[in-house]
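Peer 1: this is a predicted model, with the sequence first.
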Amino acid sequence: MKTLIGYLVFSAILALPGDTVISAEKIFQEQGGTTAEITNPGSLLWEISGNGMEKPSYLFGTLHLICPEKFSFPETWKTSFEKTEQLILEIDFSDPGLMQQFQKGMMMEGGKSIQDFLSTGDLQFLEDFLADSLMMDINQVRMIMPMILSSFFYSHLLECQPMSYDLFLMEEAIINGYKINGLETVNDQLSVFKTISYDEQALLLMDMIKDYDQTRKLYNRMAELYIDQNLDGLYELILLESKGIPDFDETFLVQRNRNWIPEIERFIFAKPAFIAVGAGHLPGDEGLVRLLQEQGYDMRPVIPE
């Protein structure tokens, strides 16, 4: 059974505002606008042009949670962002009803609780882990979907108070007076998680916390690939670590990519857009870069200077 490392790349739900996510803009300003070193064997930012567009738009791959010292947003990317007039995220974080939708949708259906899917030993392990690592009583979270519950552990896993590219970009959009929109709703994203049985989710959750050191190593490797802009390597790691999750690639990445293409086209023909989605959605034969090329758009990598 593999870990949930890919969840860090494709799930914007991780970036929902909360006490565990610090202000990316604040850190960026404290760093004086400096960024982590980028070695550029690939590109996280792509210019979209052609196909009758009057002005280019941009497609950016995010890592939804990242430690502050690993955060990078070079001036070249910031310049591209400032050429646009709207921000498109996986989910519209500016929606005032967002948290209410999330809190309702993250619960298991049918009155199920985590106790229904774990052995006595695993339940005790989880209860102790929650108490020792998060100072949390299992009764506070027992009815939350196990995959969502796993996201509660990431600040502990990352060994930092993480920041979010999504929230950084949202803060920048507000500063620039940009309209913010989403490619899907919270309910759309939560419905994807529900394609995995609660039994399977519980197994994945326990796999993650029982081999925490390995999960942390995988995260660090994923962050290295992201910083290096090695999208192919990142994609391979996601697929490798998601083996055992039925139809992971099709359900979590490919089908959502296909659904997003007409939405992206609608936005970019309205006015120049900066589109930011999990980096796992960009590479591959049915990644967004290839799908947009097949639609007739010119896709040019934007390499930081």
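Peer 2: Ah, there it is. Residues are numbered from 1 along each chain as shown.

Peer 1: which residues of this protein fall in strands?
Peer 2: For the chain, the strands defined by DSSP state E cover 45-49, 57-62, 86-89, 179-182, 273-278, 298-301.

Peer 1: who does the last one touch, helix- and strand-wise?
Peer 2: Strand 298-301 makes packing contacts with strand 45-49, helix 288-294 when contacts are defined by 3 or more Cβ pairs under 8 Å, 6 or more residues apart in numbering; DSSP states H and E. (Glycine included, C-beta is placed from N, CA and C.)

Peer 1: buried residues in that strand?
Peer 2: M299 (16 or more other Cβ atoms under 10 Å).

Peer 1: partners of that strand in the sheet?
Peer 2: When pairs are called by DSSP bridges, strand 298-301 turns out to pair with strand 45-49 (antiparallel).

Peer 1: run a quick neighbour tally on R266.
Peer 2: 12 (other Cβ atoms under 10 Å).

Peer 1: also L59?
Peer 2: Neighbourhood size, L59 [other Cβ under 10 Å]: 26.

Peer 1: E75 is nearest to which of the helices and strands packed on strand 298-301?
Peer 2: Checking the helices and strands packed on strand 298-301 against E75 by Cβ to Cβ gives strand 45-49 as the closest, at 12.1 Å.

Peer 1: got the angle for the closest one vs strand 57-62?
Peer 2: Using axes from the mean of the first three to the mean of the last three Cα atoms, to 10 degrees, the direction of strand 45-49 lies 160 degrees away from that of strand 57-62.

Peer 1: how long is stretch 298-305 end to end?
Peer 2: One end of stretch 298-305 to the other measures 21 Å (Cα to Cα, to the nearest Å).

Peer 1: off-centre distance for it?
Peer 2: Centroid separation between stretch 298-305 and its chain, computed with Cα atoms, centre = their mean, to the nearest Å, is 21 Å.

Peer 1: thought I196 was touching M147?
Peer 2: Yes - using Cβ atoms under 8 Å, I196 makes contact with M147 at a distance of 6.8 Å.

Peer 1: in terms of packing, which of those two has more residues around it?
Peer 2: Remark: of I196 and M147, M147 carries more neighbours, 25 against 20, as counted by other Cβ under 10 Å.

Peer 1: hang on, that one packs against L204?
Peer 2: Yes - judged on Cβ under 8 Å, M147 makes contact with L204 at a distance of 6.8 Å.

Peer 1: where does the stretch 201-305 of the chain have low pLDDT?
Peer 2: Applying pLDDT under 70 to the stretch 201-305 of the chain flags the ranges 244.

Peer 1: can you pull out the helices in it?
Peer 2: For the stretch 201-305 of the chain, applying DSSP state H, counting those that start in this stretch gives helices covering 212-227, 231-241, 248, 255-270, 288-294.

Peer 1: residues in contact with the residue lying closest to F267 once chain neighbours are set aside?
Peer 2: Nearest in space to F267, with sequence neighbours left out and distances taken as Cβ to Cβ, 6 or more residues apart in numbering, is A273 at 4.7 Å. A273 makes contact with 57-58, 84-88, 264, 267, according to Cβ atoms under 8 Å, 6 or more residues apart in numbering.
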